[in-house]
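Student: Attaching a predicted model along with its sequence, questions to come.
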Protein chains: 2
Amino acid sequence: MIYLDHCATTPMSAAALDGYRQAAERFFGNEQSLHGHGEEASHLAGHCRKQLAAIINGSEEGIYFTSGGSDSNITTLLSLAYGRKDHGRHIVTSPFEHPSIGQGLGRLKEEGFTVSVVDVHRNGEICLDSLTSLLHADTILVTICHASSETGVLQPLADIGALLHNHQALLHSDCVQTFTTIPIDVTAAGLDALSLSAHKVQGPKNTGAAYIAPGINWQAVYPGVVHQHGFKPGTLDIPGIASFMEAAVEAANAMDELQDRWRSMQQWLLAQLHPGAYRLFGDRYQRLPHHLALRAVDREGQWIMLECSRRGITISPGSACKTSSSAPPDSLLAMGYTADEAHGLFRISFGRDTTYAELRETASVLNQLAGK
Amino acid sequence: MIYLDHCATTPMSAAALDGYRQAAERFFGNEQSLHGHGEEASHLAGHCRKQLAAIINGSEEGIYFTSGGSDSNITTLLSLAYGRKDHGRHIVTSPFEHPSIGQGLGRLKEEGFTVSVVDVHRNGEICLDSLTSLLHADTILVTICHASSETGVLQPLADIGALLHNHQALLHSDCVQTFTTIPIDVTAAGLDALSLSAHKVQGPKNTGAAYIAPGINWQAVYPGVVHQHGFKPGTLDIPGIASFMEAAVEAANAMDELQDRWRSMQQWLLAQLHPGAYRLFGDRYQRLPHHLALRAVDREGQWIMLECSRRGITISPGSACKTSSSAPPDSLLAMGYTADEAHGLFRISFGRDTTYAELRETASVLNQLAGK
């Protein structure tokens, strides 16, 4: 089997699995408990916070562990919005966010907040002029991902941060797809908050983290929670967190070398595909290095995915988190594609162990499917 | 180290750890994906639903996997309340619930629901007459745990279910402490919904399940979620779920034998403690078989815990989920104890590997601490 759906989920690395086992055996206590077992667990949680803060150049006090990317997104959006609701109720987002951003914002809309969606250029980048025009006195939050899993296009976070510098609105970014692939520096980018997931970087599922810069006012979603300063109820999953950090540190250390390798593989694969049958969605260079969002001309992306699956190649028709939906992705419509064109979307994303031989076979199958 | 805080959390069993590793290696796909890797993961999730449904004599369609007991409690309470809000907005609970029940109900109160708290007998059982008197035409939900982790007292779920039989109110029970320790039969008990946690039964942390009987109307907390029929966003943690089921099946199979052994150990330990120094909170027999809620006469439970910890024995002063609180437990005040008496609370809970030698040492240390 050739697995090229690493943006949906990745297998755990050997180090992450080993870290999980070791922490489960040695640090199983409840870190809220004040006895020895609890203190050991609490100590390890603190160490993991320091490790994660170092990777994103943030402060360990701003790290909150969660049950994954969706949980990070929803809990952070609600906590920030509640914390600033006296300053306004307007939020700006993009049309290519992960579904969990839409779920969190949907809930906030039910509670009286309003949401505007920024315009997008044909290459998949957000339009900064559009963002400027959407900022009003009551705008409290802008949430724009670092890279969408659908298009793979990188967003100019530092430019957005600079644009918001003199505005009260906070900047949150879903960095699930870029974490340990593209450098993230919360301080340099002017990021107030971000969301991360472990299982996209060869860590465990059901584990992630949110970052909220210390000093930013937020309000707990549920009253009376004692864990993690009230951010999220539930016993901390120390084995999951330790395993997440094993995977994250491993990936962060390999980032530079992998980026170069992936960029070469990405451009090589693109060159193998018949230009009459497959086109690229989004910018060719301003994108995740291990990701291609492709359009099958005259075919449905779903069909391409199923035919590849029959031949032992796992790729994705779009986002795994909205498989039930047959509507074309909003991201592509916003970029100016027709619904027919958007339905051609499928997505290839490499992992650390992906080889040129696997890409060669994939290109061959894809060209075959297109009759080329 | 002697670990006697199994009601707070347990170490993973060898089978659970092995199940985690195997599933992480072989079934890492995103179960929402329609390709081969996704289908394999989805198939395993279905198998786990069947296994869990069999243990509680429920229907697999009613199983929803969560990020643990707190998540199960909060998500289920909100989903049920939203689903029935057109029938009323009144909810009944007990004074000895896990903090997450209070957090979920706290949120619902902010949204206009009202909550009543049932009276409790001196032995720790809820008063059925009080429950009857609290049921009104607009009562939509009763949530009472199967056993409180603070008192360990078992609640008469079947009697409560029978009492609600001709009332519209649904019955939810937090069964985190009793799962695989006391038999749970959702059908016989007339239970509409329940909450479970994996890490209390030697499974992984950050994993749990909710059960909502099929046919019961509930409404998603967040709009637009596709995972698990909308119950909860986020990629399913197949390794965590498979590991949970390894632990749960193992524990369920050992339940009868363990219950007998634990009951004997419980009564034996109680008999070793100096009656002038330590008293039992709650009913002596209607309680979790592996749990003692004790009162240190003239001492703080917190002090007893810390002194035991210094001597290598891990016990608990109360609930690990409210360590920051110095208020005496509501459960004990509701049972008629004074604040001073309630401050004496500490808790001992056995695991599968707990030995009489460990209990003997614990009793000796406790009697020593009391100067007896």
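Tutor: Alright, I've got the coordinates. All of these numbers come straight from a predicted model, not from anything done at the bench. Numbering: from 1, shown residues only, chains lettered A, B, ... in the order given.

Student: starting at the chain centroid, how far to the single longest helix found in chain A?
Tutor: For chain A, the helix with the greatest residue count under DSSP state H is helix A:238-272. Distance, stretch centre to chain centre, for helix A:238-272: 14 Å (C-alpha atoms, centre = their mean, to the nearest Å).

Student: Quickly check: that helix near chain B or not.
Tutor: Yes: for helix A:238-272, a contact with chain B is found by C-beta under 8 Å from any C-beta of the partner chain, at A:238, A:239, A:240. (Glycine included, C-beta is placed from N, CA and C.)

Student: tell me the angle of that helix relative to helix B:238-272?
Tutor: If you take axes from the mean of the first three to the mean of the last three C-alpha atoms, to 10 degrees, helix A:238-272 sits at 180 degrees to helix B:238-272.

Student: Counting neighbours, which bits of helix A:238-272 end up buried?
Tutor: By 16 or more other C-beta atoms under 10 Å in any protein chain shown, the buried positions in helix A:238-272 come out as A:238-252, A:255, A:258-259, A:261-262, A:265-266, A:269-270.

Student: Mind giving me the packing neighbours of the helix or strand just after that helix?
Tutor: Moving toward the C-terminus from helix A:238-272, the next helix or strand (DSSP states H and E) is strand A:278-280. Strand A:278-280 sits against strand A:291-296, with contacts defined as 3 or more C-beta pairs under 8 Å, 6 or more residues apart in numbering or on different chains; DSSP states H and E.

Student: which secondary structure elements does the strand it packs on contact?
Tutor: Counting by 3+ C-beta pairs under 8 Å, 6+ apart, strand A:291-296 packs on helix A:238-272, strand A:278-280, helix A:301-310, strand A:345-349.

Student: Keeping just the C-alphas, turn it into CSV.
Tutor: Provided in CSV are the C-alpha atoms of strand A:291-296 (Å, rounded to 0.1, in the frame of the first residue of the first chain):
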residue,chain,number,x,y,z
HIS,A,291,1.1,18.7,-0.4
LEU,A,292,-0.4,18.9,-3.9
ALA,A,293,-4.0,20.0,-4.4
LEU,A,294,-4.8,18.7,-7.9
ARG,A,295,-7.7,19.1,-10.3
ALA,A,296,-8.7,16.2,-12.4
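
Student: what about that strand, distance to the chain center?
Tutor: Going by C-alpha atoms, centre = their mean, where strand A:291-296 is centred and where its chain is centred differ by 18 Å.

Student: that older thread, quick check: which of the helices and strands packed on strand A:291-296 is nearest to residue B:361?
Tutor: Shortest distance between residue B:361 and these, using C-beta to C-beta, is found for helix A:238-272: 26.8 Å.

Student: Compute the inter-axis angle for that closest one and strand A:345-349.
Tutor: Going by the same axes, to 10 degrees, helix A:238-272 is angled at 110 degrees with respect to strand A:345-349.

Student: Tell me the gap between stretch A:288-306 and the middle of its chain.
Tutor: Here the centre of stretch A:288-306 is set off from its chain's centre by 19 Å, with C-alpha atoms, centre = their mean.

Student: What's the mean pLDDT across that stretch?
Tutor: Regarding stretch A:288-306, the rounded mean pLDDT is 94.

Student: What is the burial count for the residue lying closest to residue A:174 once chain neighbours are set aside?
Tutor: Excluding the flanking residues, the one nearest residue A:174 by C-beta to C-beta, 6 or more residues apart in numbering or on different chains is residue A:145, at 4.0 Å. Per other C-beta atoms under 10 Å in any protein chain shown, the neighbour tally for residue A:145 reads 27.

Student: Which residues are in contact with residue A:347?
Tutor: Residues near residue A:347 by C-beta atoms under 8 Å, 6 or more residues apart in numbering or on different chains: A:5, A:7, A:149-150, A:152, A:291-294, A:301, A:315-318.

Student: same check, this time on residue A:101
Tutor: A:73, A:77, A:93, A:143, A:145, A:174.

Student: Next, find the distance separating it from chain B.
Tutor: According to C-beta to the nearest C-beta, to the nearest Å, residue A:101 and chain B sit 10 Å apart.

Student: how much space is there between the residue nearest to residue A:309 when sequence neighbours are not counted and residue A:347?
Tutor: If you skip the residues right next to it in sequence, residue A:309 has residue B:35 as its closest partner in space, 4.0 Å away by C-beta to C-beta, 6+ apart. Residue B:35 sits 12 Å away from residue A:347, going by C-beta to C-beta, to the nearest Å.

Student: Now for those two: what residues contact both?
Tutor: Counting by C-beta under 8 Å, 6+ apart, the common neighbours of residue B:35 and residue A:347 are A:5, A:315, A:316.

Student: what would the residues you listed look like in a markdown table with neighbour count, secondary structure and distance to chain B?
Tutor: Output for the shared contacts of residue B:35 and residue A:347, formatted as a markdown table (neighbours: other C-beta atoms under 10 Å in any protein chain shown; DSSP: H, G, I helix; E, B strand; the rest coil; distance: C-beta to the nearest C-beta, whole Å):
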| residue | neighbour count | secondary structure | distance to chain B |
| --- | --- | --- | --- |
| A:5 | 26 | strand | 7 |
| A:315 | 27 | coil | 7 |
| A:316 | 28 | strand | 7 |
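
Student: Make JSON lines from these and add pLDDT to it.
Tutor: Shown next, in JSON lines, are the shared contacts of residue B:35 and residue A:347 (pLDDT from 0 to 100):
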{"residue": "A:5", "pLDDT": "95"}
{"residue": "A:315", "pLDDT": "95"}
{"residue": "A:316", "pLDDT": "92"}
